[in-house]
Structure formats: C-alpha cells, structure tokens
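1. Sequence first, then the predicted structure, then my questions.
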Amino acid sequence: MIPEIQEIVVHGAEWTHKELFTYPNEYIYWTIQIVMYPLMTGFVAGAFVLSSLYHVFGQKDLKDLAKFSLVFSFALLLVAPMPLLFHLLQPQRNHHVFMTPHFTSAIAAFGLVFSLYAALVAYEIWFVYRKHFVETALSLSKKADKTIAEKAQYFINNLLTLGAYNITEEAVRKDEKAVKLLAAIGIPIACFLHGYAGFIFGSVKANALWMTPLMPVIFIMSAIVSGVALCILSYIVIMEWKKFRATKKHEDRMSLAIKGAEIDVIHKSSRYLIGAMVAAITLEVLDLVFRGYTAMKSWDILRSVIYGKDFANIFIFQYTLGNIVPFAMLLLPGLTIRRTIIATILVMMGVFMMRWNVVIGGQSFSLSFAGYMDYTLPVIPHNWETFREGVGGALVIAVLPFIFFYFFNKFAPTLQFTKKDMPK
Amino acid sequence: MITRRDLIKNAVTGIAGIALPLVSVKIINAAETLFPDRFEKPSVLWGFVVDTLKCVGCGLCVKACKEENEIPYNTPISRTWVERYIILKDGRVLIDSPDAARDGYTSQKVRDTVVNPENIAKAFFVPKLCNQCENPPCVQVCPVGATYKTPDGVILVDRTWCIGCGYCIQSCPYGVRFFHPVHKVAEKCTFCYHRITKGMKTACVEACPFGARQIGNLRDRNDPVAKIISTERVAVLKDAYGTKPQVYYIGLDENVR
Amino acid sequence: MKNYALRPLYVIICLVIVVLIIREVYVPKDFGVHGESYMYGWHRKGNEDEWKAFKVKYKFDNEYCKDCHSDKYDSIMQSPHAIIKCENCHGPAFDHPTDPPKLTIDKSRGLCIRCHASLPYPQASRSNIRGIDPDKHNAEIECSMCHNPHKPSLEGMK
C-alpha cells in the first residue's frame, strides 16, 4: 500500500509547461544542473589544456597563467561532480557508479575518467609544487614558537611532500620532466573528460536534437573555449585586484614592483581562444546545415524549435553575442584589457547558452514530434528540490570553484603578484 | 624430391589434422560451456498485441494498472496510457491523452479545441505501454546496472539500486519511463511481471472489456498472441530506432506517434 | 636517494585498493551478468524474485465473485455489461471478503461516461456503444438513479 503522503509530486511537473501533445510521462527531467555539469567539466578541460600549452609546447609567456590554470583546474574538478549530486534523485547512491559500473553507458565512464583525471592533475600539481612544499616545511621547522595556523601549515606541507625532501637542481629538473610528461598525457584525458559528456548526449537516438556523431567533438571544442576564456578572465581579475589592493596599502614604493595583468600574456592566450571558437562554431553550424539539408522526420519540429521558440537563445545569445561579437573584439587590433574582459564574459555566456540550448533545447519538443515543453528555471526556492534544481543550486556550483581555489592557493601559490615574495 | 605417395599421405594427414580442431570448435563451443545461461533459450518470451480497432478509449486499463502497480491515481503519469487521434478533413491531426486517459475520454474537445464532428475524417484510440524491446536502449544506458532484461524478455528496474539519474528515461524513444513520485527511482510498465509469472495476465489485459489488449508467449507456436503476430497484418512503433519492440499493433495508422 | 617520483602513484594505488575493498563488501553477491549479455543482463539477480513477489491486487476473475454475489453475477452476465469484470467498477478485490470486508461502490457519473459519453468517431468501436452527451443528459444526478449497472437494458430502468 502506498504510505500516506501529503503532497505527491511528479518530478519535473513544477517547472515544465506542456503545449499541444506530449506523451503523459514526458517532463523536463534534465534541468539546470545538467547544464552546469558539462559547463564545469568544460572549464576543467579547457583550463588544463591551457596549462599544458606551457608545459608541453613551451609557450614561455604563459608560465604564470599556466600555474594558475593548473591549480584552478583542480578546484573546478572537485566541484564538477556536484551538479550531479544535486540532480540525482538518490544522491546517497551515487557511489553505485563506482561499485557496479555498466560501461555500455557513457555515464558509467564518468567514474573511471573522472578519477583518472583527478589523479593525474593532483600528480602534476605535486611535481610543480614539491619544491615549494619542501621549502615551506623546512623553513617552518626551524621556527621555534609556531602559532596554531603555522603548526597546521607545517603539518600539511610536510604531508604534501610525501617524504621526498630532495630539492637539488637535478631533482627539480626531474620534477619538470615529470610535469611535462603528465601534461602531455593529460591533454587527451582532459579532452576525453569532456568528450564523453558530449557522447552522453550524442548517443541518445531517442532525442532528435542530441543525436549526432558531432556532439563529442562539439563539446570538446566548446570545452577548450570555455576553459581558456575562464582562465584569461580569472587571471585578469585576480592580477588587477591584487595590484589594486597593493597600491592602496603600499609600504615601500621603491622595493615593490607591482604587476598587473600583462597584455602579451592575454594576447597570446586569446589566439588559442579564437582558434577554438572557430572550430566550435564551425561544427555547430555544420550540424545545423546537415539537419536542414537531410530533413529527417524530426526536422519539422526541430526547425520550429531552432528557428522559432529558441531563435533568440541560439542565434542572438549563443552565436552572435557569444561567438561573433567576442571573436571580432579579440581580433581587432589594439587589444586592451578592458576589451578582453568584455569579450571573455561574452564567450562564457555563449558557452553557457550552448549547453543550455543542447540540454533544455533537446527537451523542449516532445518525443511525439507533436508538442512542446517549456522550462521555467525555479528562481525563488520553496523547498529543497526547487533550490537544488534552480538558480540557488546553480550559483552554489558557480561560486564554489573560486572558494576552493582560494584555499588551494594558500598551499600551492600561483600568480606572482610582486617580484619578491614568490617561489619560481 | 617428394613422391606422389608422400604427397597424398601428407595431404590426408594435414586435412584430418585441421578437420579435428575445426570439428571440435563446433562440438565444443568454449563460451557456451563456460556461460551456459547466456545460450539457453528460455521457453517463454513475452509478447503483446494491441488491437486498435477494438479500443473504445474507456481508460479502464489505465485505472487497473494504477491500482495494481501502486502508481498514485491523481498524478498524470502512468505505466500505460491511451492516446486519441482525430484526423480532420482539412488534414490537421489532433492528438491528446488527458491525464494519460485514466478517466477515459468523456469530451469531444481536444484540450481547448472544439471539434466539429462533421470535420472528422477518421478518429481512433491507441493504447501504449512499454514495448519490452529486444534491444532496449534504456538498459544500455543505465550507468549502474539498475535496469535489466529478464530471461523471458521483460525489462525491470531494481528500486534499491537505481540512482535516479534519468538517463534511461531520456533514452526511451517511446516515452514510457518516468520517475515514481513516491519511490523516487525510475519506473515503467513491467508487463505485471508479478502476475504473468504466476499464470495470470496483466492487469490491463484483464481489465479491458473489449479485448483490445492481449499478452502471450511468442515462443509457443500455439499461443494466440504468437499466432496473431505470425498470421495477421501487424506493426510495431518506431521500428527505425532498432529497438525491436515486442508490442505489436493491429490497425496501426500512419499518424500514430 | 630512492626515486620519489612514484610516491603519489602509491598513494593513488592505495586509494584504488580501498575502493575495491569497499566494493567487495558493499556489492551484493548476486550482482553480475545474468542473462544474454553484459549490456542487457548486468543486474542484481535477486531483484527478479522481488518483483515476482509484488502483491497482486486484482483477481480479475468474475467466477470468484459468483458464489456470494450470485444475483448480481447472473444479472450482469446476461447483459451487454458481461464483458466488464466486477473489479473494473468495484476496485481490486485483494483478499475480499477477509480484507477488505467491503469493496467500493462507485456511483459517480465519471465511471459510466468512460464508455457512454457519446463520441462521434465512425470507424472506432466507440460508436458501437450507445451513449449520451454527459453535459446535457441529466447532468446533476448519478446515472445509477435511473440505470441499473447490473441490468443496464432500458427495461431494467427504475
């Protein structure tokens, strides 16, 4: 017998508005958190690839940005599974993916790929910062009276060295070689981390919008776009903020040379951004053209969604404001920091809209091809479900990487703000 | 220098030598020996026939299913439902399924559209349920092994193992899956597995007063359902997806989604 | 100096071993490939029996009702309503008469107009059922005020 329930809620009914004919069981089941998940893994992959450009391809100008990207990639990585935890109806069973993975499912790949990638990034960070851990631990060990914070710092840094105290020139050179190797291996794995997310959608033959072999490649290119844009923007914001604070409370104007965001670093990295953007938009337009040309049974309803209901979301927000405008802004001569900020913000909005248009767009028409479903993102939550699957949950996911990064930065310092206080 | 005798002797020995392992590969199939349950063909394979010519849209099947399978009556989701198709003379097709037809069809209006009976070219009802596909995409995409196919061809969901990701719901082309509002895991029609394995029929088959639904064993040549499928003109839904559904329709119209 | 480069790898391997140990303990022993393939047969075998043990609610056998309710049974079986099973209108029997002692008698119009709301669909079987317009035909009163569901013929009217 069914237990007495005050209010029996059909999951998805609250934020789905149906039009014309949809099958009775159809609701928008994959919502904002399923938009956030590929967004996060995209940032992870892109940030890592940017970092690897320095370590593997020796782009010396990107050195500072590379360190930052690597640590930020790790912060993003730890946040990446959270949209899934917010989305699952049985989040306490999420470990089942590790316990009994069914590898015919792309989602099961998550367990393996994610763990592998996390291990690799942690490994690479260890090699990059091992010398710093050792130096910090040794300098703290000499100090007699340590405050509690310093005791904790000493303990953690000691732990992080894993007992490898050798910081001779030779050892450090070996570290650098290991970093190069891991960065190289990591590029295909980072691509796989996001490519499989594209496969999750592209392999669903039941969904006329998702089903395409191009989906994994579109997602990979879009991931690189998002990661590079995020790193450029974060780099600018952090460097300028530190410079602002330092000049406000300067101690000795002579000995401190404050660096803000460096334009040649931005210039170099924006070239990669532009390249990835061209690839991403080309693939998406290719997919659209093919669909219209071959005009399968689903084309009628897809056309009404793409050119009708979602026209603004796709063509104005994603393609124009999210791609063409920042593309022009970055290409035009005389690139300034302010222009880069606006361009990268627009790019990230475009990246968000791409995932929104795929996830929500794919559910905005019925499997019957004879009806529609509208999604209203819950803004003001009135229960746990409308929080976790609404604006609240999305904001938590968006903010967490920066909070994690703040703490990681204390142990693995990244951006060099002054010429005196940073290790190499 | 090889003699003719040696050549013949060697050739015969060679052929016999190759023939023995080749024959033994057929006699002893290693995979069959090691994993017998994958190769034995069960004596039962459940199949279903829906006769759309007989359905009157009373919805008693939906009501019975909800009661039998504990799906809350007042929610619009259901393991099975009935669709109404009204094709007008001007070519427009009106389709609806009010609350999955749990209360039957009692109004001529399709949502808010008033239908003039004189404009109707044809109209009919189409019951739908899980097709218990032979190649179920929903089972393929389950990340944790919570949904599976039984040896007799029914797709079930393990309520204690499902994590509620919804991937199976997204991958069903027929829209038969949903989240159970109380148990909060994936849910779908089970061909009343608890009834058919006891010699009973499914609730919807028994409930239908007009015999529009039938269930049977496709492996039994004398089974009425097997006979209908093999001798009458039947069709399945969306066969282009390669799912190989086991629910067959009599009188399936081209407008049916 | 030993090669320290593999130390994080050892940490990772330890974590993997921990996960494998947890897996050994947590995953039920009957979880595996049961059936034709890994793709379609990856599950916990015991669940099949759990579904087989799901409670049966409907008997859907009019013979079951015949002994105690012979008058209603005989009456309805000689009418066009013979095709309707008792439980269609009275709900699932469960273990009636032990539990529940009484089944519902639903007198709402909704039950009758499922079939008897007239719908003008010429080729559908629906048009073989005599029907009325539910909004116009005695809209405020129960059908059973005038019609006997167990003897629905016009002669059986009250």
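-> In hand now; what should we look at? Residues are numbered from 1 along each chain as shown, chains lettered A, B, ... in the order given.

2. Just give the number of residues close to whichever residue of the stretch 151-300 of chain A sits closest to chain C.
-> Scanning the stretch 151-300 of chain A for the residue nearest chain C gives A:Ala164, at 3.3 Å (criterion: C-beta to the nearest C-beta). Where you see a C-beta, it was placed from the backbone N, CA and C, and this is true even at glycine. With neighbours defined by other C-beta atoms under 10 Å in any protein chain shown, the count for A:Ala164 comes to 19.

3. My reading is that it lies in a helix. Confirm?
-> No. Using DSSP: H, G, I helix; E, B strand; the rest coil, the assignment for A:Ala164 is coil, not a helix.

4. and the spatially closest residue to it that is not a sequence neighbour, what is it in contact with?
-> What sits nearest to A:Ala164 in space, not counting adjacent residues and going by C-beta to C-beta, 6 or more residues apart in numbering or on different chains, is C:Tyr4, at 3.3 Å. Going by C-beta atoms under 8 Å, 6 or more residues apart in numbering or on different chains, C:Tyr4 touches A:Leu162, A:Gly163, A:Ala164, A:Asn166, A:Ala171.

5. One more pass at 10 Å, please.
-> Under the criterion of C-beta atoms under 10 Å, 6 or more residues apart in numbering or on different chains, the neighbours of C:Tyr4 are A:Arg130, A:Thr161, A:Leu162, A:Gly163, A:Ala164, A:Tyr165, A:Asn166, A:Ala171, A:Lys174, A:Asp175.

6. Domain-wise, how is chain C divided?
-> Using automatic domain parsing, the domain ranges for chain C come out as C:28-54, C:62-156.

7. Can you lay out those as a markdown table showing mean neighbour count and distance to chain B?
-> Formatted as a markdown table, the domains of chain C follow (neighbours: other C-beta atoms under 10 Å in any protein chain shown; distance: least, C-beta to the nearest C-beta, whole Å):
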| stretch | mean neighbour count | distance to chain B |
| --- | --- | --- |
| domain C:28-54 | 17 | 4 |
| domain C:62-156 | 15 | 3 |
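
8. Looking at these, which is nearest to B:Gly57?
-> Ranking those by proximity to B:Gly57 (C-beta to C-beta) places domain C:62-156 first, at 6.1 Å.

9. from the middle of its chain, how far away would the closest one be?
-> Mean C-alpha position of domain C:62-156 versus that of the full chain (C-alpha atoms, centre = their mean, to the nearest Å) differs by 19 Å.

10. okay if I get the domains of chain C as JSON lines plus distance to chain A and mean pLDDT?
-> Converted to JSON lines, the domains of chain C look like this (distance: least, C-beta to the nearest C-beta, whole Å; pLDDT from 0 to 100):
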{"stretch": "domain C:28-54", "distance to chain A": "5", "mean pLDDT": "95"}
{"stretch": "domain C:62-156", "distance to chain A": "10", "mean pLDDT": "92"}
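
11. pretty sure the residue of the stretch 151-300 of chain A closest to chain C is touching C:Ala5, no?
-> Yes. Judged on C-beta atoms under 10 Å, A:Ala164 makes contact with C:Ala5 at a distance of 8.2 Å.

12. which SS state does the residue of the stretch 51-200 of chain A at minimum distance from chain B fall under?
-> For the stretch 51-200 of chain A and chain B, the shortest gap (C-beta to the nearest C-beta) falls at A:Leu89, measuring 2.6 Å. When the structure is split into helix, strand and coil by three-state DSSP, A:Leu89 lands in coil.

13. quick one, what contacts the residue of the stretch 151-300 of chain A closest to chain C?
-> If a contact means C-beta under 10 Å, 6+ apart, then A:Ala164 has A:126, A:130, A:133-134, A:171, A:175, C:1-5, C:7-8 as its contacts.

14. and what of A:Ser364?
-> A:Ser364 makes contact with A:16, A:19, A:28, A:209, A:301, A:305, A:309-310, A:313, A:357, A:372-375, according to C-beta under 10 Å, 6+ apart.

15. now the residues you listed in JSON lines, with pLDDT?
-> Putting those into JSON lines (pLDDT from 0 to 100) gives the following:
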{"residue": "A:Thr16", "pLDDT": "95"}
{"residue": "A:Glu19", "pLDDT": "95"}
{"residue": "A:Ile28", "pLDDT": "96"}
{"residue": "A:Leu209", "pLDDT": "96"}
{"residue": "A:Ile301", "pLDDT": "97"}
{"residue": "A:Val305", "pLDDT": "96"}
{"residue": "A:Lys309", "pLDDT": "93"}
{"residue": "A:Asp310", "pLDDT": "94"}
{"residue": "A:Asn313", "pLDDT": "96"}
{"residue": "A:Asn357", "pLDDT": "96"}
{"residue": "A:Tyr372", "pLDDT": "97"}
{"residue": "A:Met373", "pLDDT": "97"}
{"residue": "A:Asp374", "pLDDT": "96"}
{"residue": "A:Tyr375", "pLDDT": "96"}
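
16. Looking at those, which is nearest C:Val19?
-> Distances from C:Val19 to those, taken by C-beta to C-beta, are shortest for A:Ile28, at 34.2 Å.

17. And the residue in chain C positioned nearest to chain A, what's its pLDDT?
-> Proximity of chain C to chain A (C-beta to the nearest C-beta) peaks at C:Tyr4, 3.3 Å away. We note a pLDDT of 83 for C:Tyr4 in this prediction.

18. quick one, phi psi at it?
-> For C:Tyr4, the backbone dihedrals are phi -80, psi -10 (criterion: degrees, to the nearest 10).

19. before we move on, back to that, please name the residues that touch the nearest residue to the residue of the stretch 51-200 of chain A closest to chain B once chain neighbours are set aside.
-> Leaving out its chain neighbours, the residue that sits closest to A:Leu89 by C-beta to C-beta, 6+ apart is B:Gly164, at 2.6 Å. Contacts for B:Gly164 were tallied using C-beta under 10 Å, 6+ apart; they are A:11, A:29, A:87-91, A:93-94, B:146, B:179-180, B:183-186.

20. go with 7 Å
-> Applying C-beta atoms under 7 Å, 6 or more residues apart in numbering or on different chains, one finds that B:Gly164 lies in contact with A:Leu88, A:Leu89, A:Gln90, B:Phe179, B:Lys184, B:Val185.

21. quick one, phi/psi of the second one?
-> In this case it means A:Leu89. Comment: the main-chain dihedrals of A:Leu89 come out as phi -80, psi -20, following degrees, to the nearest 10.

22. Could you give the number of residues near it?
-> When neighbours are counted by other C-beta under 10 Å, A:Leu89 registers 19.

23. just the first one next, same as before
-> Other residues within reach of A:Leu88, judged by other C-beta under 10 Å, total 21.

24. Surely A:Lys18 is in a strand?
-> Yes. Note on A:Lys18: a strand contains this position according to three-state DSSP.

25. Do I have it right that it meets A:Met373?
-> Yes. Using C-beta atoms under 7 Å, A:Lys18 makes contact with A:Met373 at a distance of 5.5 Å.

26. Just want the residue of chain B that's nearest chain A.
-> Counting by C-beta to the nearest C-beta, chain B gets nearest to chain A through B:Gly164 (2.6 Å).

27. measure that residue to A:Ala80 for me?
-> Using C-beta to C-beta, to the nearest Å, one obtains 19 Å as the distance from B:Gly164 to A:Ala80.

28. and the stretch 101-250 of chain A, which of its residues are near chain C?
-> By C-beta under 7 Å from any C-beta of the partner chain, the part of the stretch 101-250 of chain A that sits against chain C consists of A:His102, A:Thr104, A:Ala119, A:Ala122, A:Tyr123, A:Trp126, A:Leu162, A:Ala164, A:Asn166, A:Lys174, A:Ala178.

29. Determine the longest helix present in chain A.
-> Longest helix in chain A, counting residues (DSSP state H): helix A:106-142.
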